[in-house]
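Student: Below are the sequence and a predicted model for it; my questions follow.
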Amino acid sequence: MSRRGCASLRGANKRHGAMTTLTDSLSLAARLIGGLDADLLAIVLLSLRVSLTAVAIATVIGLPLGALLGLTRFPGRMVVVVLFNTLMGLPPVVVGLGLYLVISRAGPLGWLGLLYSPTAMIAAQTVLVTPIVIALTRQIVESLWEEYDEQLRSFGVGPAGLIATLLWEGRVSLITAILAGFARANAEVGAVMIVGGNIDHYTRVMTTTIALEVSKGDLPLALALGIVLLSIALLINAGVSVAAMRSQNR
Amino acid sequence: MSRFLAVTLCVLGMLAGGAAGAEERFITLASTTSTEQSGLFRHVLPLFTAKTGIAVHVVALGTGQALRTAANGDADLVLVHDRPAEDKFVAEGFGIDRRDVMYNDFILVGPAADPAKTQGATDAAQAFQRIAGTGALFVSRGDNSGTHAMETRLWRSAGEDPAGTRAPWYLSAGQGMGPTLTMAAARDAYTLADRGTWLSFRDRGALRLELEGDPRLFNPYGVILVNPVRHPHVKADMARAFANWLVSPEGQSAIGAFRVEGQQLFTPNAKTN
């Protein structure tokens, strides 16, 4: 958050105590949203760009892979299923560190020069979100298949058609799965901090800004930014849910 | 549903489009949390960028980590504050052309009650001895930063080794200056801070300045270019342009003009050529 942009907001936190921090933060958050601070807007847009791109890539990879995993039977399948369920809980810091070691100039992909860039942040969040999409899609498609198996067989649907049909039938649940992935990406700070470097006006996103303000001891501003982050997530979830419900009722 | 998909794709397209056309001419500066959190870079970097068109991407780390990042070739230059570590970095061939840029000083902060009577100490060594003697809580950065290195040297000069002896009153935070100050405030503990972070820190609680002015607490910052022989991909020319600007009269006066709440945080001290 910029000194310029928030100059008017500082000084609100001279007093102490948790309750004043909370009320200060709420009014600060309202002013931040209402004031449409240019720096804040840039940070919000970068957050959305990184997280939504990561979720889009994870969806393109995860939906077909998850469906395939749900519909096929092979030796060791349970191991793969359990593995992806576990990977849903990957600690962001570990993902950030692993990716750092790979894309650092001293690492195998160092020649790409990706460290400390938005691209690196997208890659890190994609790694975090893809297992979530795969694991949840697998679960959704598998239970749908159990339900519709005989019906689909009697129509003589082929494998590709089967996947497409089941993904379409499960679309509302799948959207929830994708939203879970988005929530994960949007809320994490550990991975983007390490591979993005929290560079002002370049790789600084909502969560790393919050972490920075906490470390500067500006707790009301940090909390206010948290409220802004939550509001944006609420807007996106509400929008997607409305769209999904309409599609279901059509 | 198809309309929903179309809208989603449009939004994603717009977002991806925003990725292209980002600034091309930039250098990466590995520096310390103390300089970044003080707000110094926000004050001086726009001046350099306006003059040269070169953006400076600051990655704020502890001095130890900043030097390691640069040694890996992940930065073009460093601005740090731990002279022994800086000299080692240059001696090992990772960095070239170290120059003085500015200094501030370290201060001892602690609870207003001052249970270890550090305010009456004649120098930093005596203050540290008193803390160890009374067993008053002390929070260490414990993160291999420049401040941590200074603190370790001060304990040595006081003839104490709380980290090695695992003294119960010695808390190793493993965090940056800000969180360490927060912890000291919460636990009524002493800690060593750089004056810049202290002055710009918002959440001091009952902490106050206990000791300052000991020549040992001098905190000089140096700029070092990453050796392009070691890492041919570094942007050596642009990095040198920035280092030259920092030590130029223009850069030096920009550093001297930076103030937080009316107080100058860093004193420029580059040698005039």
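Tutor: Sure, I can see it. Residues are numbered from 1 along each chain as shown, chains lettered A, B, ... in the order given.
Student: any idea whether A:Leu46 is helix, strand or coil?
Tutor: Secondary structure state of A:Leu46, per DSSP: H, G, I helix; E, B strand; the rest coil, is helix.
Student: That one and A:Arg204 touch, don't they?
Tutor: Yes: between A:Leu46 and A:Arg204 there is a contact at 7.2 Å, judged by CB atoms under 8 Å. C-beta coordinates here come from the backbone N, C-alpha and C atoms, glycine included.
Student: ok, those two, which is more surrounded?
Tutor: Per other CB atoms under 10 Å in any protein chain shown, whichever of A:Leu46 and A:Arg204 has more neighbours is A:Leu46, with 25 against 22.
Student: list the contacts for that one?
Tutor: Applying CB atoms under 8 Å, 6 or more residues apart in numbering or on different chains to A:Leu46 gives the contacts A:118, A:203-205.
Student: Try it again at 7 Å.
Tutor: A:118, A:205 (CB atoms under 7 Å, 6 or more residues apart in numbering or on different chains).
Student: Please tell me the pLDDT value assigned to it.
Tutor: Confidence at A:Leu46, expressed as pLDDT, is 95.
Student: Same check on A:Gly17?
Tutor: Reported pLDDT for A:Gly17: 59.
Student: roughly how far apart are A:Asp39 and chain B?
Tutor: Separation of A:Asp39 from chain B (CB to the nearest CB, to the nearest Å) stands at 10 Å.
Student: How many residues are close by residue 60?
Tutor: No chain was given, so I picked chain A. 13.
Student: if you could check chain B rather than the one you did, that'd help
Tutor: For B:Ala60, using other CB under 10 Å, the count is 23.
Student: If you drop the residues flanking it in sequence, what lies closest to it?
Tutor: Nearest non-adjacent residue to B:Ala60, counting by CB to CB, 6 or more residues apart in numbering or on different chains: B:Glu36, 3.5 Å away.
Student: quick one, what contacts the residue most central in space within chain A?
Tutor: Relative to the mean C-alpha position of chain A, the nearest C-alpha, by CA atoms, centre = their mean, is the one of A:Ala185, at 1.9 Å. Taking CB under 7 Å, 6+ apart, we find A:Ala185 in contact with A:51, A:54-55, A:125, A:128-129.
Student: Helices - which of those land there?
Tutor: Mapping these onto helices (DSSP state H) picks out A:51, A:54-55, A:125, A:128-129.
Student: Save those residues as TSV, and put in neighbour count, pLDDT and distance to B:Val59 too.
Tutor: Formatted as TSV, those follow (neighbours: other CB atoms under 10 Å in any protein chain shown; pLDDT from 0 to 100; distance: CB to CB, whole Å):
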residue	neighbour count	pLDDT	distance to B:Val59
A:Ser51	29	96	21
A:Ala54	26	97	21
A:Val55	28	97	26
A:Gln125	30	97	19
A:Leu128	26	97	21
A:Val129	30	97	25
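Student: So what's the residue count around residue 193?
Tutor: You didn't say which chain, so I picked chain A. For A:Met193, using other CB under 10 Å, the count is 22.
Student: let's do chain B instead
Tutor: Neighbours of B:Ala193 using other CB under 10 Å come to 26.
Student: State whether it is indeed within a strand.
Tutor: Yes: per three-state DSSP, B:Ala193 lies within a strand segment.
Student: show me what contacts it?
Tutor: Contacts of B:Ala193 (CB under 7 Å, 6+ apart): B:106-107, B:109, B:177, B:181.
Student: For the residue lying farthest from the centre of chain A, give its distance to chain B.
Tutor: What lies farthest from the middle of chain A is A:Ser154; by CA atoms, centre = their mean that is 39.7 Å. As for A:Ser154, its distance to chain B is 26 Å (criterion: CB to the nearest CB).
Student: which SS state does that residue fall under?
Tutor: helix.
Student: same check, this time on B:Leu79
Tutor: strand.
Student: What's the separation between it and A:Leu115?
Tutor: 19 Å (CB to CB, to the nearest Å).
Student: which secondary structure elements does the helix or strand A:Met78 falls within contact?
Tutor: Using DSSP states H and E, the element containing A:Met78 is helix A:77-87. Contacts defined by 3 or more CB pairs under 7 Å, 6 or more residues apart in numbering or on different chains; DSSP states H and E place helix A:77-87 against helix A:118-155.
Student: Past the helix it packs on, which element shows up next along the chain?
Tutor: helix A:159-169.
Student: That following helix and chain B, are they touching?
Tutor: No: Helix A:159-169 does not reach chain B (CB under 7 Å from any CB of the partner chain); its nearest approach is 8.3 Å.
Student: Name the residues of that helix that come out as buried.
Tutor: Going by neighbour count (16 or more other CB atoms under 10 Å in any protein chain shown), the buried part of helix A:159-169 is A:162-163, A:165-167, A:169.
Student: Kindly indicate which of these lies nearest B:Leu265.
Tutor: The shortest approach to B:Leu265 among the buried residues of helix A:159-169 belongs to A:Leu167, at 57.8 Å (CB to CB).
Student: Ramachandran angles for A:Thr21?
Tutor: Per-residue torsions, A:Thr21: phi -60, psi -40 (degrees, to the nearest 10).
Student: who's in contact with it?
Tutor: A:219-220, A:223.
Student: Redo those as TSV? Include pLDDT and neighbour count.
Tutor: Listed next are the contacts of A:Thr21 as TSV, based on pLDDT from 0 to 100; neighbours: other CB atoms under 10 Å in any protein chain shown:
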residue	pLDDT	neighbour count
A:Leu219	81	20
A:Pro220	82	25
A:Leu223	87	20
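Student: Could you point out the longest strand of chain B?
Tutor: As assigned by DSSP state E, the longest strand anywhere in chain B is strand B:95-111.
Student: close to chain A, is it?
Tutor: No: against chain A, strand B:95-111 shows no contacts by CB under 7 Å from any CB, the least distance being 12.6 Å.
Student: When you compare pLDDT across the contacts of B:Ala193, which one is lowest?
Tutor: Ranking the contacts of B:Ala193 by pLDDT, B:Met177 lands last with 87.
Student: Okay, it and chain A: tell me how far apart.
Tutor: For B:Met177, the distance to chain A - CB to the nearest CB - is 8 Å.
Student: is it true that that residue touches B:Gly146?
Tutor: No: using CB atoms under 7 Å, B:Met177 is not in contact with B:Gly146; the gap is 10.1 Å.
Student: more neighbours, these two?
Tutor: A count of neighbours by other CB under 10 Å puts B:Met177 above the other of B:Met177 and B:Gly146, at 31 against 28.
Student: got the contact list for that one?
Tutor: B:33-34, B:37, B:141, B:147, B:193-194, B:197.
Student: ok, now with 10 Å
Tutor: For B:Met177, the contact set (CB atoms under 10 Å, 6 or more residues apart in numbering or on different chains) comprises A:215-217, B:32-34, B:37-38, B:62, B:141, B:143, B:145, B:147-148, B:191-194, B:196-198, B:200-201.
Student: Out of these, list just those in helices.
Tutor: A:215, B:33-34, B:37-38, B:147-148, B:196-198, B:200.
Student: Farthest pair within those?
Tutor: B:His148 and B:Ser200 (19.5 Å).
Student: In the stretch 151-273 of chain B, where is pLDDT below threshold?
Tutor: Across the stretch 151-273 of chain B, residues meeting the criterion (pLDDT under 70) sit at B:272-273.
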